[in-house]
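Peer 1: can you look at this prediction? I've put the sequence above it.
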Amino acid sequence: MKKSMIMLLAFFTVGLSSFTLLQSKEWVVPESAKKAKNPTDKTNKEDMATGKSLYSKYCQSCHGKEGYGDGPKAKELKGKVGDFSSSEFQSQTDGALFYKVTTGRDDMPAFDKKIPDAEDRWLIINYIRALKQ
Ligand code: HEC
């Protein structure tokens, strides 16, 4: 192989890996959204059941039953689906999670229109909290 060819390949590889890095860049949540207060009552059993059924309807296909990020659709997705059971994930505020679920990014859908009732989205956040290990 010619030297110029090798150089070209090297450039291509470096370019590709920085592209991949960019894809997994941190999802920045505005400070005000992080502080948003969860208006729901986490001790309400009926509400918890609603959160669970909404989760299995709208989220499970990608995030998996236990939130490990192993749903049937997960393999085709761009970006890190995350592991809802991890303490790193759980260290985010309710407000930050609500923001991500509401606005979406790339392959993570925005749920502001799919689940228009904000309370429903908060109930899903409550359910995600129960997936902590
Ligand atoms: C079509 C697949 C898909 C569905 C359905 C889906 N997500 Fe996601 N989700 C993703 C992907 C992909 C990411 C990573 C996005 C990124 O970082 O750019 C993500 C990221 C997230 C994150 C941020 C993870 C982190 O580490 O901070 C949260 C929270 C989340 N999803 C919650 C939900 C909830 C709640 C639902 C259901 C209402 C849902 N998702 C439905 C694909 C999906």
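Peer 2: Yes, it's here.

Peer 1: I'd say residue 67 and residue 86 touch.
Peer 2: No - counting by CB atoms under 8 Å, residue 67 sits too far from residue 86 to count as a contact (9.1 Å). C-betas here are computed from N, CA, C, even on glycine.

Peer 1: more neighbours: which of these two?
Peer 2: Shown here are residue 67 and residue 86; by other CB atoms under 10 Å, residue 67 has more neighbours (24 against 15).

Peer 1: ok, now which ones touch that one?
Peer 2: Contacts here follow CB atoms under 8 Å, 6 or more residues apart in numbering; on that basis residue 67 touches 83-85, 128, 131.

Peer 1: which residues of this protein lie near the ligand?
Peer 2: Residues of the chain lying near the ligand by CB under 6 Å from any ligand atom: 27, 58-59, 61-63, 73, 77, 79-82, 89, 97, 100-101, 105-109, 111, 124.

Peer 1: that older thread, among the contacts of residue 67, which pair sits farthest apart?
Peer 2: Longest distance between any two of those is 11.2 Å, between 83 and 128; criterion CB to CB.

Peer 1: for residue 68, grab the count of nearby residues.
Peer 2: Using other CB under 10 Å, residue 68 has 17 other residues around it.

Peer 1: before we move on, what SS does it have?
Peer 2: On the three-state scheme (DSSP: H, G, I helix; E, B strand; the rest coil), residue 68 is labelled coil.

Peer 1: pretty sure it contacts residue 82?
Peer 2: No - Residue 68 lies out of contact with residue 82 (CB under 8 Å); the separation is 9.3 Å.

Peer 1: residue nearest the centroid of the chain?
Peer 2: residue 81 (5.3 Å; CA atoms, centre = their mean).

Peer 1: setting aside sequence neighbours, what's the nearest residue to that one?
Peer 2: residue 69 (3.8 Å; CB to CB, 6 or more residues apart in numbering).
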